[in-house]
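Asker: this one's structure only:
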């Protein structure tokens, strides 16, 4: 069964999600997340508020330069109605919307009369004029326009006529969708229907934007869909101010799997778990293990009393097949889960894992390593190294005998670091030194100098991202915490053409970084475009 | 307005909540949590399954010995209907319920015909006989009995007559409440009403038990209340298997604050935030900052544009007064913040920032520091240090002259670290050394040893969390990336009573960690409960 034809999914992770406490996204972060959102197949990606802060302006500029190529989604620039008493045509923030080159604008408009008077400090009539002027101006500039009615539900409770008047005004000015926002998040599902139906009488397509302050954002969104909205807003992983926005993945999964609607492109829902986790890796906000549909615990069953029944029919104990959202059933007593994924992943990388015993051994290895804190989801390069090691197909390009690094600072000055690496490559054992503005940078410098004589290609490798996460309570940590916990480091490396990600885990950030760093070089050497010329002797360059 | 007189709140944190992956509760933990649940004012506390595991048996024994004194709640022992083909009077697990000395038993019974056949492997008639026999036996032993109908909603969908027959059988045998369980958690709110109403026709008081697999556990619980259930089950902080159980605090807060029902004793709801956080401390599962009602972010406001309106009327921007649940409104300090935010924040911390020039200077300072990579919204302690420094109210307890740290690893072994810190405190300059399993740990050890002679209180400071973020393209980095970027570290420290967060920024993780670490000690010393005794001379302890 299909959703109504004009029904669409609207993501605001990059704008309202970024309001979450502690979440700060760079332009590069936003571009990566937008790519993942496009893979998920949302219809619209609200990229930010151009003109309101330098990051968002730069994001739209990067997108306009072709740094963001969307296969499916439309990009939306968020903004507000023009300033009180001005003209939309003269308003620099309205101009920034057009200059964003996004095809769509989403304008926030006040729809609660008390907010108009107390926060905007203008008249109810001027607020309506602001809506009309801004929507009409942007339409005349060739943009398509959505309008977010801020505080709509609270406004409707106090002054329903005015709240509805804002909806009508936006629709008459040319807004394609008017979005009813529960900005303060205080609604309950049983209260949604009447309000949405009243707004529906205006005769424009409606949307809904919910926050989770009552713990009901997902249910409120569904209640609005039941009452006829055609556009649902949310954020991946429920990011957002205060308690967050409606978590978009469970909203969409409920629509697809419970309502039977097709709201994403064919096959996209099965990528939801991977995409949710990948976005977590970019935001560096750990995902909840209990997140509906995509959490690591969400299809985990304590072994024991259910085991035989689960073997008869797993659906006795789970509400959906976890593969539908790209998640896995996990059982303590069984290594069944995961093996199929590992086989598929191995085939993607060009390895034959059809041998069940081999696949089981790799699965076991991956599970053990993940229990220690490794994460292969975001680290394909490290997964390939693990696979090659199990298959006996991992050439030893170099081996590190020891490393040490020293960081020093005096009386509040900037610190500096010096590293030494003792390494064997092509039969020769040598000691190399490097310095840098930090210990990992110094280790990188030493390793690069050590490898360059034998493998000149490493000189073009560049580390483009470096992410650190402190893990609590992993097997390896024995539940340590604070500065005594286990650390996971992910490093992205590029040779200018391809980019690969490696993972390292250790009892401290240096140890973990070193593992990810040396694996990054090893992977690069395995995949270097052309074979190296006959090896030069390794010579000491220091 | 009051709830219906027989309406009650039933907590299963200690039983179903303890099924959460990674959550392990000792007897002492369970006793402490039961005390907190009683303070929250729930009607019933399900303490565990006596006879099924040693911890739960010991918990009920401890409670019976008087180690748990409940002011308000009744204790409930969870168990199952008797074994297939036996007699309840001869069943050791049924006897364990009586021997628990709890006044109530809650029995789980199968109500889904396919589960009876495939998991229990018996006939539909025998399952009904098991319900009747077990309920009647426990009633004859003087216990009051509730019955949980497992997989009720899925069972009703497949075989409604049988599911209802189980409800009727339990009621006729003497169960006071029959609880409809969405064991697999696949329900949506709009599906609840019809099913609950059908069960209501049996004429017994009904309860509901929801899981969060669709993200709707709270809303499903409310939908069941709307359809007439008189008993709601849930767990504090939503603990539970897979995606967890219905989170009891938002359920109760919605009933009290949105429905206007009194379901807890007078004044208890205002303790909800404290109790939720206290239970988190016992389980050692960090609470979600975004948890509805009780999360640390749940009434935090970031957007600068709202600050002036918030001063006019805070309720324009929050759905309830946070004091009703014992939470606080917080203004977040970020580079979006304007002067009004900073003034409100300063007042929260007890500083007078009414001087516009001073407030502007602090705002400027915050913006500059945030442009360098600092983030004060999550680091109140560092914000206070900045404020005191601007106000000239920052005592110098110690000053660090230099530090160095050395990390070493040989041939793939675990690394170890050694740090030295040269420091002046109370007029004496000394050098201290510490070691650890990582560089930050070693620096912490050295600093702690250095401060202990002058300030013995630092010995009780514990670092409870440590978070690292690599920032791309900050002003300070000059757009560096990879291992050459700017690093931000956040450290949480506790003295056992309060917890504070400090931030450090540097060109590498060690430098940033050092700043956050030394500020954590400085803030702790500024706020230590009682003045230190007359300073001992600082002596070298190494």
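Answerer: Looks like it came in fine. Keep in mind it's a predicted model, so treat the numbers as computed, not measured.
Asker: what about the closest residue to chain B within the stretch 351-500 of chain A, distance to residue A:417?
Answerer: Nearest residue of the stretch 351-500 of chain A to chain B, counting by CB to the nearest CB: residue A:438, 2.2 Å away. Quick note: C-beta positions are derived from backbone N, CA and C, even for glycine. For residue A:438, the distance to residue A:417 (CB to CB, to the nearest Å) stands at 6 Å.
Asker: hey, what's in contact with both of the two?
Answerer: A:407, B:508, B:510 (CB atoms under 8 Å, 6 or more residues apart in numbering or on different chains).
Asker: three-state assignment of the closest residue to the last one other than its chain neighbours?
Answerer: Distances taken as CB to CB, 6 or more residues apart in numbering or on different chains place residue A:407 nearest to residue B:510, at 4.7 Å, with adjacent residues excluded. Recorded secondary structure, residue A:407: strand (DSSP: H, G, I helix; E, B strand; the rest coil).
Asker: now do residue A:136
Answerer: Three-state call for residue A:136 (three-state DSSP): helix.
Asker: Please name the nearest non-neighbouring residue to the residue of the stretch 1-150 of chain A found nearest chain B.
Answerer: Per CB to the nearest CB, residue A:119 is where the stretch 1-150 of chain A lies closest to chain B, at 3.7 Å. Closest residue in space to residue A:119, ignoring its immediate chain neighbours: residue B:309 at 3.7 Å, by CB to CB, 6+ apart.
Asker: Might one say that that neighbour is in contact with residue B:318?
Answerer: No - assessed by CB atoms under 8 Å, residue B:309 is found out of contact with residue B:318, at 11.7 Å.
Asker: in the helix or strand hosting residue A:157, what's buried?
Answerer: Residue A:157 belongs to helix A:152-158 when elements are defined using DSSP states H and E. Across helix A:152-158, burial judged by 16 or more other CB atoms under 10 Å in any protein chain shown covers A:152-156.
Asker: of all the residues you listed, which comes closest to residue B:91?
Answerer: residue A:153 (53.0 Å; CB to CB).
Asker: Stretch A:55-75: end-to-end distance?
Answerer: 16 Å (CA to CA, to the nearest Å).
Asker: got it, and stretch A:58-75?
Answerer: Separation of the first and last residues of stretch A:58-75 by CA to CA is 14 Å.
Asker: Any buried residues in that stretch, and which?
Answerer: A:58-60, A:62-63, A:68, A:73-75.
Asker: how about a markdown table for these, with secondary structure and pLDDT added?
Answerer: As requested, these are exported to a markdown table (DSSP: H, G, I helix; E, B strand; the rest coil; pLDDT from 0 to 100):
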| residue | secondary structure | pLDDT |
| --- | --- | --- |
| A:58 | helix | 94 |
| A:59 | helix | 96 |
| A:60 | helix | 97 |
| A:62 | helix | 96 |
| A:63 | helix | 97 |
| A:68 | coil | 96 |
| A:73 | coil | 98 |
| A:74 | strand | 98 |
| A:75 | strand | 98 |
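Asker: Identify all contacting residues around the strand or helix carrying residue A:221.
Answerer: According to DSSP H and E, residue A:221 maps onto helix A:217-226. Applying CB under 8 Å, 6+ apart, the contact partners of helix A:217-226 are A:180, A:182, A:185, A:187-190, A:192-193, A:196, A:206, A:208, A:210-212, A:214, A:232, A:234, A:238, A:243-247, A:250-251, A:254-255, A:259, A:292, B:188-190, B:214-216, B:218-220.
Asker: and these, which of them are in strands?
Answerer: A:180, A:206, A:208, A:232, A:234 (DSSP state E).
Asker: Let me see the contact set for residue A:208.
Answerer: A:179-182, A:192, A:196, A:220-221, A:224-225, A:229, A:231-233.
Asker: Can you name the residues bridging to it?
Answerer: Counting by DSSP bridges, residue A:208 is bridged to residue A:180, residue A:232.
Asker: Kindly report the residues of the stretch 1-150 of chain A close to chain B.
Answerer: Residues of the stretch 1-150 of chain A found near chain B (CB under 8 Å from any CB of the partner chain) are A:19-22, A:24, A:26-29, A:53, A:114-115, A:118-119.
Asker: so which of the residues you listed would you say is closest to residue B:382?
Answerer: The nearest member of the residues of the stretch 1-150 of chain A next to chain B to residue B:382, counting by CB to CB, is residue A:22 at 13.5 Å.
Asker: give me the number of residues near the closest one?
Answerer: 21 (other CB atoms under 10 Å in any protein chain shown).
Asker: Over to residue A:357?
Answerer: Around residue A:357 there are 7 other residues, counting by other CB under 10 Å.
Asker: hmm, the helix or strand harbouring it in reach of chain B?
Answerer: Taking DSSP H and E as the definition, residue A:357 sits inside helix A:356-372. No - using CB under 8 Å from any CB, helix A:356-372 stays clear of chain B, with a minimum separation of 11.4 Å.
Asker: Which helix or strand lies directly C-terminal to that helix?
Answerer: Defined by DSSP H and E, the subsequent element after helix A:356-372 is helix A:380-391.
Asker: Is that next one in proximity to chain B?
Answerer: No - figure legend: helix A:380-391 not in contact with chain B (CB under 8 Å from any CB); closest approach 13.3 Å.
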